[in-house]
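Provided below for reference: sequence and predicted model.
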Amino acid sequence: MWAVFFSAVPSVTPSEVSAKINDGWTLVDVRTNDEWAMGRIAGSLHIPMDEVVARLDEVGDHVICVCAVGARSARVAEYLNGRGREAVNLDGGIYAWSEAGLPLDS
């Protein structure tokens, strides 16, 4: 099981993501441009972590945050929750997604 980086931040497993998306949640990938180019979850919005504050108006009210392993995305989810959004972290990030056999777009 993946480590929980921020216990105050709710998390979801890769298998729970599609249900959240079906309920109107937005998947926000906070990895770098180079990481994004290597592969991403279909339909995700790319906002690198260092751009989140400046691009906050692009983030919806219900957000699933994702990065490589879950540390950066947990910090972003914590930030978004503090600004009135409902944000969760993808536990284990893209690595857990891949290990679960789920597809990545390139």
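Arrived safely, thanks for sending. Numbering: from 1, shown residues only.

who's in contact with stretch 18-25?
Residues from elsewhere that reach stretch 18-25, judged by C-beta atoms under 8 Å, 6 or more residues apart in numbering: 12, 27, 43, 60, 62-64, 88. To be clear about C-beta, it is placed using only N, CA and C from the backbone, and glycine gets the same treatment.

residue ranges with poor pLDDT in this protein?
Low-confidence segments of the chain, defined by pLDDT under 70: 1-7.

can you give me the strands in it?
Counting by DSSP state E, the chain has these strands, from start to end: 11-12, 26-29, 45-46, 62-66, 86-90.

let me have those strands in CSV, extended by mean neighbour count and distance to Leu56.
Formatted as CSV, these follow (neighbours: other C-beta atoms under 10 Å; distance: least, C-beta to C-beta, whole Å):
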stretch, mean neighbour count, distance to Leu56
strand 11-12, 19, 21
strand 26-29, 22, 11
strand 45-46, 16, 12
strand 62-66, 25, 11
strand 86-90, 24, 12
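
these two touch, right, His46 and Ala37?
No - with contact defined as C-beta atoms under 8 Å, His46 does not reach Ala37; the gap is 9.7 Å.

and the strands of the chain as a markdown table, adding distance to Ala74?
Shown next, in a markdown table, are those (distance: least, C-beta to C-beta, whole Å):
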| stretch | distance to Ala74 |
| --- | --- |
| strand 11-12 | 8 |
| strand 26-29 | 13 |
| strand 45-46 | 18 |
| strand 62-66 | 7 |
| strand 86-90 | 4 |
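
what sits against the residue nearest to Ser98 when sequence neighbours are not counted?
Leaving aside its sequence neighbours, Ser98 sits nearest to Leu104 (C-beta to C-beta, 6 or more residues apart in numbering; 6.5 Å). Leu104 makes contacts with 39-41, 94, 97-98, as judged by C-beta under 8 Å, 6+ apart.
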